[in-house]
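Undergrad: One predicted model, sequence on top.
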Amino acid sequence: MNKAELINAIAAEAGLSKADAKKALDAVVKSVSDALVAGDKVSLVGFGTFSVSERSARSGINPATKQPIKIAAKKVAKFKAGAELTAAVN
């Protein structure tokens, strides 16, 4: 499902126009992004939790040249599915 299909599904399920569904989806995505940038977790009970995880610096190997390289530390977004979502998928 891509963004346009998700907007159509939201509009149909909530009885909204497609324009209102797009605004709602954009607001949710922006709110989750802003919270993660601020270092907060976003928990949606039954659906899952969005959080930020830190990856430490490490060494790796360039597969083309087989030379060792250093991989810098960085922060990554994580999603952990909730119990109800996990049960629905299984």
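TA: Sure thing, it's come through.
Undergrad: So, low pLDDT: which residues of this protein?
TA: Judged by pLDDT under 70, the chain has no weakly predicted residues.
Undergrad: quick one, domains of it?
TA: Structural domains of the chain, as assigned by automatic domain parsing, span the residue ranges 1-39, 41-90.
Undergrad: doesn't K70 make contact with I61?
TA: No - shown here, I61 and K70 do not form a contact pair, counting by C-beta atoms under 8 Å, at 11.0 Å. For glycine as for every other residue, the C-beta is placed from the backbone atoms N, C-alpha and C.
Undergrad: In the protein, what residue spans correspond to helices?
TA: Counting by DSSP state H, one finds helices in the chain at the ranges 3-14, 18-37, 83-89.
Undergrad: could you dump these to a markdown table with mean neighbour count and distance to A57?
TA: Below are those laid out as a markdown table (neighbours: other C-beta atoms under 10 Å; distance: least, C-beta to C-beta, whole Å):
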| stretch | mean neighbour count | distance to A57 |
| --- | --- | --- |
| helix 3-14 | 13 | 34 |
| helix 18-37 | 13 | 21 |
| helix 83-89 | 11 | 32 |
